Structures are given as structure tokens and as C-alpha cells.
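Just to be clear, the model below is a prediction. Sequence and coordinates:
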Protein chains: 2
Amino acid sequence: MAATDKALAGLRQMIASGELGPGAKFPPEPELCDHLGVSRSSLREAVRSLGALGVIESRHGSGTYVSALDPAAIISRFSLSVELIPLEGVLELLEVRRVLESHATAAAAARQDPDLAEHLGKVLDQLESTTEATEIQHLDAEFHGLICSAGGNPTVTALTEVIRGRGGHYRIFEPGADFDAIKQTSDRGHRAILSAILTRDPAAAATAASAHIAQTELWLRALRPEPRPA
Amino acid sequence: MAATDKALAGLRQMIASGELGPGAKFPPEPELCDHLGVSRSSLREAVRSLGALGVIESRHGSGTYVSALDPAAIISRFSLSVELIPLEGVLELLEVRRVLESHATAAAAARQDPDLAEHLGKVLDQLESTTEATEIQHLDAEFHGLICSAGGNPTVTALTEVIRGRGGHYRIFEPGADFDAIKQTSDRGHRAILSAILTRDPAAAATAASAHIAQTELWLRALRPEPRPA
DNA sequence: TTCGGGAAAACGTCTGATGACTCACGCGCG
DNA sequence: CGCGCGTGAGTCATCAGACGTTTTCCCGAA
């Protein structure tokens, strides 16, 4: 087996076997090199690999540690790769977001949380009163993020966030011929979702969220001939 | 900015800007070092990072290339990190699988594919006639994988596969007190899913898949006091 | 007791050299 | 002329060593 792969397997094994739990500290690099039988360069490349995946963190001057191994945190690391996926693939991802976020929105509606509804209302007020692309994107993310969080599954929140972040790179809300129509449709979609949450109607919430995201899919699909990543 | 981070940002930029598309070849390492202003060690660590994320591949003796940037392939890379997530986090992930696979199963049922149904039937026949843990796991993966593939979204298939792979590390089907009861419940669940597909009833298929996976969640939840990763 | 300096520990980066693998070119044989 | 096949250039893989930077902690002085 190649040196770096050997180191990688060794490091993963140390975690998988339970020898090192979340937050635990690895031995110093020289010791690990000796233990794994590879040079420091190879060990460090292996550490970088696991670092990119959110499994390990190296702290300069302190040591190398196992991360918290929290699913949401690990999924967030995906944004580094997901943000490079071409438009065609983003459409597949949006179906995932549509299904998951629809589920989370229903769960949020099933709860009875006046604070959430109030907060969402404020966000929508702001969102409807702006036409600045960056601000729209930011408020849209806050709106959907709050709802997903209320859904109760941080993993779902992280996944939808990563996918939403990718879609956000395509500037749907650039001032242009269809800007007003698109903005109004989007705003209405948000209000429909909030309305379902206010009336505590999970089925309506799921439908509204699904329709809203499906609309986004349509807009992105229209960009297909000429994708314009940020 | 730190050297490795600078290299990482530079490499990502080369892809994000469209300078290098899927499958394109990077310049040789010495040239990249010069271009990015870092040493070869730092560059290689950055390359490893992106390699772990499935964004680029180094081929010994040939060169370094941008990957296909296929969402399903990128998501498969997650298994390296997801397989290290503790049981508590796996339960959150299983909710994701339940929602996604339920959706995909409904889509599979909506299609009219006699070949799929026939294939699934054969797999279940085999599955019901074995009590060997590894074989059960293998056939179970094939059954669910076929259905997800029929759902039409490779990204969903990849995601559910990663999560299923993680769950599979917990040996639910070890011979033990409840083995027969668990096996029978599992087999019945599979038959219910196949039945819904055969009758082309998407709603029933979604419900059956959801119930089947929810059952798995219950079994795993019961392991919580004493998780036993592979 | 508190604050600050300094030494030790650990990761971060760079350099140079050597090995291993791939691929294509060109030579020689049939 | 066509087909292998060897060979060499190109490229990544690995190793070894040295030095810089950051963190951490101990210990002495106020």
C-alpha cells in the first residue's frame, strides 16, 4: 500500500477503533511517523486529507486532534467541493434539498413556536423591501435556515444549507428583464410557507416549501445553456 | 494567509473560474508552486485536501487532474468521514436517509419497469433464505440501491448509500436473542416495499420505505447505551 | 497572588534528492 | 509497411533534514 494511504488508514483506524474519541489529541507527528512507518511528509498529507473531511483538526503549536465528529459540521465541509459542481449537477442536488427542506418545513409547522413565526415575519418584511442581490440572498438563507433549524435535525439543516449556498452562486436576482416577476414569485412563495407555519399545517407547509424550491429549480434550469458560476 | 491555504484557494479558483473544467489537467507541480508562490510540500498538502473531497485526482507518473465533478461521486467521498460518526449522529443521518429513500422509492414505484420488479424479487428470495450477517447486509444494500437508482436521481442514490453503509457497521443481524424476530420484521418490510412497487402505488411505496427505515432507526436507537462500531 | 518572560513542545514551511510510474516516441523485427 | 517493444523524458510519490511560527506552561519577580 502507498505510504500516504497507509498513514490514512492508520489514522482512521485509531479513531474507528475507539482508541481516540471526539476531541482527543493525537501523539506528536514524529511519534506517529514512527508508529505508522511513514515519513513526516506522507503523514502530513494524510492528516490534511482527514482535515479536509472534517475528521481531524491540526492546531498550530498545540497538536492534532480528533474533531467533534458532529454530522452537521462534517457535512458543512462539503461546501468546499459542492461549490465546484457544475450546474447540471446542482439540479440533482436541488431535488435533495427540495425533499429534505420540505420535510423540515413540515416539522417546523407541526411545532408551536410563536417566536419562530415572529422572527420569520420580520425577515420576510426585510426581504420584501430590498432589491439588492446580496441582501436578498442573505435574508433568503436566514429564512430557510431558521425553518430548517426548527425542524429539529441539524444534519438536515447543514445539508440544505450547503446546497442552498451552491445555488446562490447563480445570480437569479440580478436586475434584468424578469427581475420584478421573479422577485414577486419568490416573495409569494415565502409568504405561503410562513402562512402554513402560522396555521400549523404541516402538509401545507411541505407543499409550499416543495413548490418554492421547485420554482428555484426551474429558474436554474433556464440558465442551463449558459451557466454563470460566481 | 498560510501557505497551504493560499495554495488551496488558488487551486479552487482555477476550477471555479472555469480555467480548468472537469477532467482537465493541471500544470506540473513545480510550475504550480511557482504560480501559487508556495513550496512543493504545501502545494501537495493542498492537492491532498482537494483530493480527499473528490475534486481533483493525482495520477502517479501522469499528472494531476480535475475530477468529473459528478455530484454522486463527490458525495461518495463522504463515506470516509461519515463512517467515523458516532451512533448519536448516525441517528440524525438516518432521518435523512428515511426521507430521501422514501422519496426515491415512491418515484421508483411510479415508473413502470417490470425488469426492476423481477430483479428485486430475486434479491428478496435470496435475502430471505440466508441468515449470514454479511450476506444479509450485501443483499439489503443491493435491494435498496436498485430502488434508489430507479428513482432517477444518482445524487440521492449516493447519499442514501453512504448513510446505509454507516448504519451497516452496527451489526443488527448478529445471531442473538432477537435475531429471528428482527429478521422476519425486516423481510416483511422489504416485501411491503416490493408489493407497493409491483402495484405501482407511489404513496404506499413511500410509506413502506419510511416505515422500514424507521424500524432500523429504532433498532439502532436501542443500541445507544453501548454502541459497537466495527 | 498575579503578571510576565522564557523555554519547551508542536505544527507549518521550505529545500533537495531519490524512487516509481506513465506515456509516447522511435527503433527493430516480422 | 505494420506491429511490438524497449527506452527515455515527464511527472507524481516519498524520504530526510533544517528552520520558522505558534502555543503552552512553568517559574520567578513584583
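Yep, it's here.

low-scoring stretches of chain A, by residue?
By pLDDT under 70, the weakly predicted segments of chain A are A:175-177, A:225-230.

And the helices in it, which stretches?
A:3-16, A:29-36, A:40-52, A:71-76, A:79-82, A:87-110, A:114-128, A:133-150, A:154-167, A:179-198, A:202-222 (DSSP state H).

can those helices go into TSV with extra columns for mean neighbour count?
To be clear about C-beta, it is placed using only N, CA and C from the backbone, and glycine gets the same treatment. Converted to TSV, the helices of chain A look like this (neighbours: other CB atoms under 10 Å in any protein chain shown):
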stretch	mean neighbour count
helix A:3-16	18
helix A:29-36	15
helix A:40-52	23
helix A:71-76	21
helix A:79-82	21
helix A:87-110	23
helix A:114-128	15
helix A:133-150	18
helix A:154-167	23
helix A:179-198	17
helix A:202-222	18
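
Can I get those in JSON lines including distance to chain B?
Output for those, formatted as JSON lines (distance: least, CB to the nearest CB, whole Å):
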{"stretch": "helix A:3-16", "distance to chain B": "5"}
{"stretch": "helix A:29-36", "distance to chain B": "13"}
{"stretch": "helix A:40-52", "distance to chain B": "4"}
{"stretch": "helix A:71-76", "distance to chain B": "4"}
{"stretch": "helix A:79-82", "distance to chain B": "4"}
{"stretch": "helix A:87-110", "distance to chain B": "4"}
{"stretch": "helix A:114-128", "distance to chain B": "20"}
{"stretch": "helix A:133-150", "distance to chain B": "12"}
{"stretch": "helix A:154-167", "distance to chain B": "4"}
{"stretch": "helix A:179-198", "distance to chain B": "18"}
{"stretch": "helix A:202-222", "distance to chain B": "10"}
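
For residue B:85, which of the ones you listed is the nearest?
helix A:71-76 (5.5 Å; CB to CB).

which residues does residue A:47 contact?
A:7, A:11, A:56, A:58, A:64 (CB atoms under 8 Å, 6 or more residues apart in numbering or on different chains).

how much space between the closest residue to DNA strand D within chain A and residue A:117?
Nearest to DNA strand D, among the residues of chain A, is residue A:61, at 2.3 Å (CB to the nearest atom of the strand). Between residue A:61 and residue A:117 the computed distance is 47 Å (CB to CB, to the nearest Å).

Then residue A:103?
The value you get for residue A:103 to residue A:117, if CB to CB is used, is 19 Å.

what's residue A:219 in contact with, if anything?
By CB under 8 Å, 6+ apart, the neighbours of residue A:219 are A:172, A:182.

and if we set it to 6 Å?
By CB atoms under 6 Å, 6 or more residues apart in numbering or on different chains, the contact list for residue A:219 reads residue A:172.

Tell me the spacing between it and residue A:18.
48 Å.

most remote residue from chain A's center?
Going by CA atoms, centre = their mean, the residue of chain A most distant from its centre is residue A:34, 38.1 Å out.

Now do the same contact list for the spatially most central residue of chain A.
Residue closest to the average C-alpha location in chain A (CA atoms, centre = their mean): residue A:162, at 2.2 Å. Contact analysis of residue A:162 by CB under 6 Å, 6+ apart lists A:78-79, A:82.

same thing with residue A:26?
Residue A:26 neighbours (CB under 6 Å, 6+ apart): residue A:64.

now with 7 Å?
Residues near residue A:26 by CB atoms under 7 Å, 6 or more residues apart in numbering or on different chains: A:20, A:32, A:63-65.

Which residues of chain A lie near DNA strand C?
Residues of chain A found near DNA strand C (CB under 7 Å from any atom of the strand) are A:26, A:28-30, A:40-41, A:44, A:47, A:58-64.

go with 10 Å
A:2, A:25-33, A:39-41, A:43-44, A:47-48, A:51, A:57-65 (CB under 10 Å from any atom of the strand).

What are the contacting residues of stretch A:131-138?
Contacts for stretch A:131-138 (CB under 7 Å, 6+ apart): A:127, A:130, A:168, A:171, A:173-174, A:183.

are any of those buried, and which?
A:127, A:168, A:171, A:173, A:183 (16 or more other CB atoms under 10 Å in any protein chain shown).

Between those, which sits nearest residue B:109?
When these are compared against residue B:109 (criterion: CB to CB), the nearest one is residue A:168, at 33.5 Å.

Okay, that closest one and residue B:67: tell me how far apart.
Counting by CB to CB - residue A:168 and residue B:67 are separated by 23 Å.

cool, residue A:161 as well?
23 Å.

Ramachandran coordinates for the nearest residue to residue A:81 once chain neighbours are set aside?
Using CB to CB, 6 or more residues apart in numbering or on different chains and skipping the chain neighbours, the partner closest in space to residue A:81 is residue B:53 (4.0 Å). In terms of degrees, to the nearest 10, the main-chain angles of residue B:53 are phi -90, psi 0.

what sits against residue B:53?
With CB under 7 Å, 6+ apart, residue B:53 has these contacts: A:52, A:80-81, B:77.

and if you look at residue A:105?
Contact analysis of residue A:105 by CB under 7 Å, 6+ apart lists A:147, A:151, A:193, A:205-206, A:209.

Adding distance to residue B:178, write these out as TSV.
Formatted as TSV, those follow (distance: CB to CB, whole Å):
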residue	distance to residue B:178
A:147	39
A:151	32
A:193	43
A:205	38
A:206	35
A:209	39
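
Just name the closest of those to residue A:94, please.
Relative to residue A:94, the closest of the contacts of residue A:105 is residue A:209; by CB to CB it sits at 12.6 Å.

Thought residue A:102 was touching the closest one, still the case?
Yes: look at residue A:209 against residue A:102 with CB atoms under 7 Å: they come within range, at 4.5 Å.

which parts of chain A sit against DNA strand D?
Counting by CB under 10 Å from any atom of the strand, the residues of chain A near DNA strand D are A:1-8, A:29, A:33-34, A:36-46, A:59-63.

If we use 7 Å, what do you get?
A:2-5, A:37-42, A:45, A:59-62.

Between those, which sits nearest residue A:111?
residue A:59 (38.3 Å).

who touches that closest one in this structure?
Going by CB under 7 Å, 6+ apart, residue A:59 touches residue A:65.
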